[in-house]
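Engineer: next comes the sequence, and after it the predicted model I'd like to discuss.
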Amino acid sequence: MSVVPIYESTPLAHQVFRTDLGGRDITEYLQGELGTARPFTKCEHQEAVRGIKEALCYVAEDPEAEAAKEESEVSMSHTLEYATSWGNEVTLAHERWRASEVLFNPLAIIGRDVMSATTLLSRAINESPIDVRKALTSNILLSGGSCEMLGFDKRIETELQKVLPSQPRVLPVECARDLLSWRGACLAAVDLREHQGDLWVSRAEWDEYGSTILERKNPLAQDR
């Protein structure tokens, strides 16, 4: 999981932050939770667990309030069943929202002292130049499969409100968030070909020069 601040189309390289945490950690945590009472401990079941995560898991806007529901009848409305490919039916209750807490409270949930999603964002914004912080805060773009979970964007906004002076805003997107990185790379490639054709590597050039063509085309390498 990483955060890249971008201002006026330019990445702020010194404010890029990354943590070794992501969707796989959610899947592994959920697999462990289900494995305590159900047959989900084998490697071949991990894909099924990932399917459960994508179909049923969500992000709680208020984890404490969500935990309180576990002790009440209200929690039954959050209990769903999932039919696995091998015929088992799995019932999930608190696992539906606790799994996503891996990204927001990794130390408490999986015992890893790494930056949470909110900490990554707030640190990247707070360490950016002061005159661009407001623009960054009001233009947050989430990408990646984990961001597809229901409530992820709202949780980010809610938590950032507590630590940032400006009102945070997560931008809506027209396509699936797990495809945003690929889509952005495609747009960048088209722009590169149209406006900086001398940096574009053709198939013929690659076949002729191999990977050395990258250094030939790199203007920074040419200046050395």
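Structural biologist: Looks like it came in fine.

Engineer: now the helices: where do they sit in this structure?
Structural biologist: 23-35, 46-56, 63-69, 95-98, 101-104, 106-110, 117-126, 133-137, 152-163, 180-195, 203-209, 212-217, 219-223 (DSSP state H).

Engineer: distance between the fifth one and the chain's centre?
Structural biologist: Put simply, helix 101-104 sits 11 Å off its chain's centre (CA atoms, centre = their mean, to the nearest Å).

Engineer: by contact count, what packs against it?
Structural biologist: helix 23-35, helix 106-110, helix 117-126 (3 or more CB pairs under 8 Å, 6 or more residues apart in numbering; DSSP states H and E). Just so you know, the C-beta spots here come from the backbone N, C-alpha and C atoms, and that holds for glycine as well.

Engineer: against residue 60, how distant is residue 155?
Structural biologist: 7 Å (CB to CB, to the nearest Å).

Engineer: quick revisit: looking at the helices and strands packed on helix 101-104, which is nearest to residue 6?
Structural biologist: Residue 6 lies closest to helix 117-126 among those, at 10.4 Å (CB to CB).

Engineer: which helices and strands does the closest one pack with?
Structural biologist: On a contact count with 3+ CB pairs under 8 Å, 6+ apart, helix 117-126 meets strand 2-3, strand 17-18, helix 101-104, helix 133-137, helix 152-163.

Engineer: for residue 30, find the nearest of these.
Structural biologist: helix 101-104 (8.7 Å).

Engineer: do me a favour and average the pLDDT over the closest one.
Structural biologist: Taken as a whole, helix 101-104 has a mean pLDDT of 95.

Engineer: sorry, back to before: relative to residue 17, which of the helices and strands packed on helix 101-104 is closest?
Structural biologist: Across these, closest to residue 17 is helix 117-126 (CB to CB), at 5.2 Å.

Engineer: quick one, the closest one and helix 152-163 angle?
Structural biologist: Taking axes from the mean of the first three to the mean of the last three CA atoms, to 10 degrees, helix 117-126 and helix 152-163 form an angle of 60 degrees between their directions.

Engineer: only alpha carbons, please: show helix 117-126 as PDB.
Structural biologist: Output of helix 117-126 as PDB, limited to C-alpha atoms (Å, rounded to 0.1, in the frame of the first residue of the first chain):
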ATOM      1  CA  ALA A 117      -3.900   3.600   5.500                       C
ATOM      2  CA  THR A 118      -5.000   6.700   7.300                       C
ATOM      3  CA  THR A 119      -1.500   7.300   8.700                       C
ATOM      4  CA  LEU A 120       0.000   7.000   5.200                       C
ATOM      5  CA  LEU A 121      -2.300   9.500   3.800                       C
ATOM      6  CA  SER A 122      -2.000  12.100   6.600                       C
ATOM      7  CA  ARG A 123       1.800  11.800   6.700                       C
ATOM      8  CA  ALA A 124       2.100  12.300   2.900                       C
ATOM      9  CA  ILE A 125      -0.200  15.400   3.100                       C
ATOM     10  CA  ASN A 126       1.400  16.900   6.200                       C
END
